[in-house]
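**Q** fold the following.
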Amino acid sequence: MRRPTAPRTKTLLDLLRYKTTRKLVRLWVPFWLVIGACAVWYADGPVELALGALYGIFVYSLVEYLMHRFLYHWEPDNKVIRFITADVGRHHMRHHREPSDYKAAINAVQAPVVILSSLLAAVVFVLPEPLKAAWLASVVAGSMNYIAQELIHFGTHHMPMNSGFLAVVKRHHMLHHYRGENANFGLFWTFWDRILGTTYDQVSRREKAAAAKD
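**A** Residues are numbered from 1 along each chain as shown. So this is what the prediction gives:
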């Protein structure tokens, strides 16, 4: 079994100074300000914005879980498939092989996500007006969820995170890396693993039961 090799001594200041973090700020903050302002302009009130934001987080968290479970651990040889999937499987599995490597702590290839988010926002602008605010809020909240996940992922590998919710998140992710890559696919939205039966404990129990039958 592989052992953790990252020093986990970095601080919040180190995270903020990290060049890829600065890149995220430059790319995403203008996007959030523009699309968020449009959402507020179209909104009838804060409830519409809040519901849209919750929907965006819900959908993004499920999509991220499904992609991690079924796509990130797949390394196809076909170049067309690799292009269509932005080669995420190879990037992710490189991270699994070298989890302490800074280059994989935060995704530096942001263009596909920015383009997708921009296309989603553009589609929203042609929807009937009563729907625009909620949908725009969902795009902003979903992309914010994505960036929060990137930053917390850095923390799980390079920061102590020894207490409270962050400690729970870190343990959940470390089990995925060092005990079972077929479990714990969520990062901080761990409820998808519990609902869909892929926590490390659930998978271990099924494997033990199958072994006992054999």
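
**Q** could you identify the longest helix within the protein?
**A** helix 129-158 (DSSP state H).

**Q** got the CA positions of the helix or strand where residue 13 lies in PDB?
**A** Here residue 13 sits within helix 12-17, counting by DSSP states H and E. Presented in PDB, the C-alpha positions along helix 12-17 are these (Å, rounded to 0.1, in the frame of the first residue of the first chain):
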ATOM      1  CA  LEU A  12      -3.300  29.300   3.800                       C
ATOM      2  CA  LEU A  13      -0.800  32.000   2.800                       C
ATOM      3  CA  ASP A  14       1.100  29.500   0.700                       C
ATOM      4  CA  LEU A  15      -2.100  28.500  -1.000                       C
ATOM      5  CA  LEU A  16      -2.900  32.200  -1.800                       C
ATOM      6  CA  ARG A  17       0.600  32.800  -3.100                       C
END
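
**Q** run a quick neighbour tally on residue 164.
**A** By other C-beta atoms under 10 Å, 8 other residues sit near residue 164. For glycine as for every other residue, the C-beta is placed from the backbone atoms N, C-alpha and C.

**Q** circling back to that earlier point, relative to helix 129-158, how tilted is the helix or strand just after the longest helix of the chain?
**A** The helix or strand immediately downstream of helix 129-158 is helix 164-178, counting by DSSP H and E. Relative orientation of helix 164-178 and helix 129-158, computed by axes from the mean of the first three to the mean of the last three C-alpha atoms, to 10 degrees: 70 degrees.

**Q** return the set of buried residues in the helix or strand following helix 164-178.
**A** Next helix or strand after helix 164-178 toward the C-terminus (DSSP H and E): helix 191-195. Residues of helix 191-195 classed as buried: 192, 193 (neighbour count, 16 or more other C-beta atoms under 10 Å).

**Q** how far away from the center of its chain is helix 191-195?
**A** Chain-centre distance of helix 191-195: 15 Å, with C-alpha atoms, centre = their mean, to the nearest Å.

**Q** elements contacting it?
**A** helix 46-70 (3 or more C-beta pairs under 8 Å, 6 or more residues apart in numbering; DSSP states H and E).
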